[in-house]
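**Q** no sequence on this one, just coordinates:
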């Protein structure tokens, strides 16, 4: 029998929509009915201002810390709840009533408050789940007062424990599922080489990249370095003009998920979706940088689980690339990745 799924996401970053798309593809293959609602459409004016705040806080991390760590988080959450309830809740209720979902899946952390407000005045006729698609979400206030959510899903056991501790969560409904990635993208390598290296330029700085490439040009252990522009057009143009080598390739864009099978080592900031996709394909990450105030949790996870390296010294990065036995990462990848993550989430809901 066909079931109706409403997936609640937000077009901020890519990982929330990556989770939505992967789950949607799986459900549609089973002929279920899937509808998606984007928070950036429902809360357009609020979201436009939020994006400006996020961008500004990347330059001044103290703003982020002051908003989400120095203030009482339960109080912050209630303020946002009042805002959503007074301005946007009615529209959300209408969407729920019109579509009539059997299941509601949240891939963005602001949505549970809408579900809570809906169920305060309406009979809950659907099961609900929240997928923690970014480690930073556990460090923020969104999940206080979410007792009416049926299931929570996190990437690893460490995040599971921290979620329960942070939100004083005592219900036995938090599960370690891994990130929802389609089965076809999982790879189990027998060995990890260091021949094909990709570098994603987002959040990387010119002095680091110039020094790194200068050192790598002198080495012969690798076959190719692919430098990917992503969200750093200025640095990309500068490197393309100044650094020439027949083994260095420049790409405006690549479909990372489709191309990870051709990558041995990935140098990138520790984004949650990329991190998960690399784990799924046995690709170690070296992270020279991260967004202050937002990605420290990912660094903590990296160091605790030992499946990637945080290093901002170009000389040490080259040393790792050349001499580290990356095969030591393989047991750790195997321990955390779950190729049935999507099926696990969907089956738990039923």
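**A** Received the coordinates, thanks. Fair warning: this is a prediction, and the values are worked out from it, not measured in the lab.

**Q** centroid-nearest residue for this structure?
**A** Among the residues of the chain, the one closest to the centroid is residue 272, at 3.0 Å (CA atoms, centre = their mean).

**Q** right, and it touches residue 301 too?
**A** No: with contact defined as CB atoms under 8 Å, residue 272 and residue 301 do not form a contacting pair (9.4 Å). Where C-beta positions appear, they are placed from N, C-alpha and C, glycine not excepted.

**Q** overlap in contacts, the two.
**A** residue 135 (CB atoms under 8 Å, 6 or more residues apart in numbering).

**Q** tell me who's in contact with the residue nearest to residue 132 when sequence neighbours are not counted.
**A** Ranked by CB to CB, 6 or more residues apart in numbering and with sequence neighbours excluded, the top spatial neighbour of residue 132 is residue 154, at 4.7 Å. Contacts for residue 154 (CB under 8 Å, 6+ apart) come out as 132, 138, 160, 163, 174, 175, 176, 177.

**Q** 6 Å - rerun?
**A** 132, 160, 163, 176 (CB atoms under 6 Å, 6 or more residues apart in numbering).

**Q** what of residue 252?
**A** Neighbours of residue 252 in contact, by CB under 6 Å, 6+ apart: residue 229.

**Q** how about 8 Å then?
**A** Contacts for residue 252 (CB under 8 Å, 6+ apart) come out as 229, 236.

**Q** go on, residue 290?
**A** Contacts for residue 290 were tallied using CB under 8 Å, 6+ apart; they are 203, 269, 270, 296, 298, 299, 310.

**Q** what's the helix or strand for it?
**A** Per DSSP states H and E, residue 290 falls between elements, in no helix or strand.

**Q** where along the stretch 201-350 of the chain do the strands fall?
**A** Under the criterion DSSP state E, counting those that start in this stretch, the stretch 201-350 of the chain contains strands at 224-228, 248-251, 265-267, 285-287, 308-310.

**Q** reformat those as CSV; add mean neighbour count, mean pLDDT and distance to residue 110.
**A** Formatted as CSV, the strands of the stretch 201-350 of the chain follow (neighbours: other CB atoms under 10 Å; pLDDT from 0 to 100; distance: least, CB to CB, whole Å):
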stretch, mean neighbour count, mean pLDDT, distance to residue 110
strand 224-228, 20, 98, 30
strand 248-251, 15, 98, 34
strand 265-267, 25, 97, 30
strand 285-287, 23, 94, 27
strand 308-310, 21, 88, 29
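
**Q** now these in CSV, with distance to residue 34?
**A** Putting the strands of the stretch 201-350 of the chain into CSV (distance: least, CB to CB, whole Å) gives the following:
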stretch, distance to residue 34
strand 224-228, 31
strand 248-251, 32
strand 265-267, 31
strand 285-287, 31
strand 308-310, 33
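
**Q** which residue ranges make up each domain of the chain?
**A** According to automatic domain parsing, the chain comprises the domains 4-176, 185-336.

**Q** please state the offset of stretch 145-156 from the chain centre?
**A** 17 Å (CA atoms, centre = their mean, to the nearest Å).

**Q** any low-confidence regions in the stretch 251-350 of the chain?
**A** For the stretch 251-350 of the chain, applying pLDDT under 70 flags the ranges 293-294, 305.

**Q** just give the number of residues close to the closest residue to residue 166 other than its chain neighbours.
**A** Counting by CB to CB, 6+ apart, residue 166 lies nearest to residue 138, which is 5.9 Å off, once chain neighbours are set aside. The tally of other residues near residue 138 (other CB atoms under 10 Å) stands at 20.

**Q** pretty sure residue 138 contacts residue 165?
**A** No: taking contacts as CB under 8 Å, residue 138 lies outside contact range of residue 165: 9.4 Å.

**Q** got a list of contacts for stretch 20-39?
**A** 2-12, 47, 95, 99, 101, 105, 107-108, 110-111, 180-182, 342-343, 345-346.

**Q** so of those, which ones are in helices?
**A** 47, 95, 99, 111, 342, 343, 345, 346 (DSSP state H).

**Q** distance-wise, check the second one relative to residue 109.
**A** As for residue 95, its distance to residue 109 is 19 Å (criterion: CB to CB, to the nearest Å).
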